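>>> can you look at this prediction? I've put the sequence above it.
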Amino acid sequence: MAKKAFCVGINDYPYDGSDLNGCVNDATGWASVLKELFDFKDITIALDKAATKKTMLDGIKSLLKGAKAGDVLVFTNSSHGSYKADTDGDEEKYDEILCPYDIADNDIVDDELRNLFDNVSNDVRLTVVLDNCFSGTATRAPVSEIIPGLRTPDDRRVRFLSPALRGGKILQNPWKARPKRSDTHPESAMKDVLLTGCTDKEYSYDANIDGTYHGAMSFYALQAIREAPQALTYNRLHSRITSLIGDYPQHPQLEGSNANKRRQLFT
């Protein structure tokens, strides 16, 4: 049985005022927990300018390549998230995207990830952790939230990169906008377990928490795992994160089949 992980963290972005502080710590934090507590020996980390679209997609493909029944695979991503708006029709729609380092020229659409994960055998244990924003709420958010460089006492920033910075379209009615992808991937059919920092209408936050910069979801997930008196299931981890995340206005999501949610972490 192989145990492999690919962890991505991007603090540095090619836009003034859009850098983050906690993504690199998230990536190294997940890698450390997997190595120390779950005996992962094959871990690849891509940080900042190394985490281009090509590097990220190649890293995921390498993670999945040759996976056999019983193998345990983990992909974590901490970065900005955004959307790609389609406002040409009668109904506003959008694609959710990850923002690699070279986001000025490239993005990673959610369907690209789903197509990769759909090719995994049902007997492979795949966990995906996404601590970034998948948000369609840019035009409704306060300016203090939409501009990552503005300061709060805990140096709180949103992990959302406005499409306007890339010359993209902004959703005019974000609360009514719908993802372009049709609902062809019910949770019961998912091969992976997916843990996200927030819903698709929220922001994931990056902040100085107890003296260390992290994403709020990743910080409390890693804390819950390290402090657990016994092995956690995915359901139990999600419950602990929800209770710990406090005043951060985000709701981490756990998606996957019921059987997979009941499994112990990274097994």
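Happy to help now that I have it. Residues are numbered from 1 along each chain as shown.
>>> these two touch, right, Tyr205 and Gly215?
Yes - with contact defined as C-beta atoms under 8 Å, Tyr205 reaches Gly215; the gap is 7.0 Å. Placement of C-beta: from N, CA and C, glycine included.
>>> between these two, which one's more packed in?
Counted by other C-beta atoms under 10 Å, Tyr205 and Gly215 do not tie: Gly215 has more neighbours, with 33 against 29.
>>> hang on, the earlier thing: common neighbours of Tyr205 and Gly215, please.
Here Tyr205 and Gly215 have Arg159, Gly197 as joint contacts, going by C-beta atoms under 8 Å, 6 or more residues apart in numbering.
>>> state which helix of this protein is the longest.
Secondary structure of the chain per DSSP state H: the longest helix is helix 23-38.
>>> wait, a strand at Leu57?
No - per DSSP: H, G, I helix; E, B strand; the rest coil, Leu57 lies outside any strand segment and is helix.
>>> so where's the stretch 1-150 of the chain shaky on pLDDT?
Scanning the stretch 1-150 of the chain for pLDDT under 70 picks out the ranges 87-91, 134-150.
>>> any chance you could map the strands in it?
Here the stretch 1-150 of the chain has its strands, by DSSP state E, counting those that start in this stretch, at 3-9, 42-47, 72-78, 81-86, 93-98, 108-109, 125-131.
>>> out of those, which comes closest to Pro179?
Pro179 sits nearest to strand 93-98 of all these, at 6.4 Å, using C-beta to C-beta.
>>> just the residues contacting that closest one, thanks.
Residues from elsewhere that reach strand 93-98 (C-beta under 8 Å, 6+ apart): 56, 77, 79, 81-86, 107-111, 113, 130, 132, 134, 136, 171, 177-181, 200.
>>> buried subset of these?
Taking 16 or more other C-beta atoms under 10 Å as the criterion, what is buried in those is 56, 77, 79, 81-86, 107-111, 113, 130, 132, 134, 136, 171, 177, 179-180, 200.
>>> I'd like to know how far Leu20 sits from Met56.
Leu20 sits 16 Å away from Met56, going by C-beta to C-beta, to the nearest Å.
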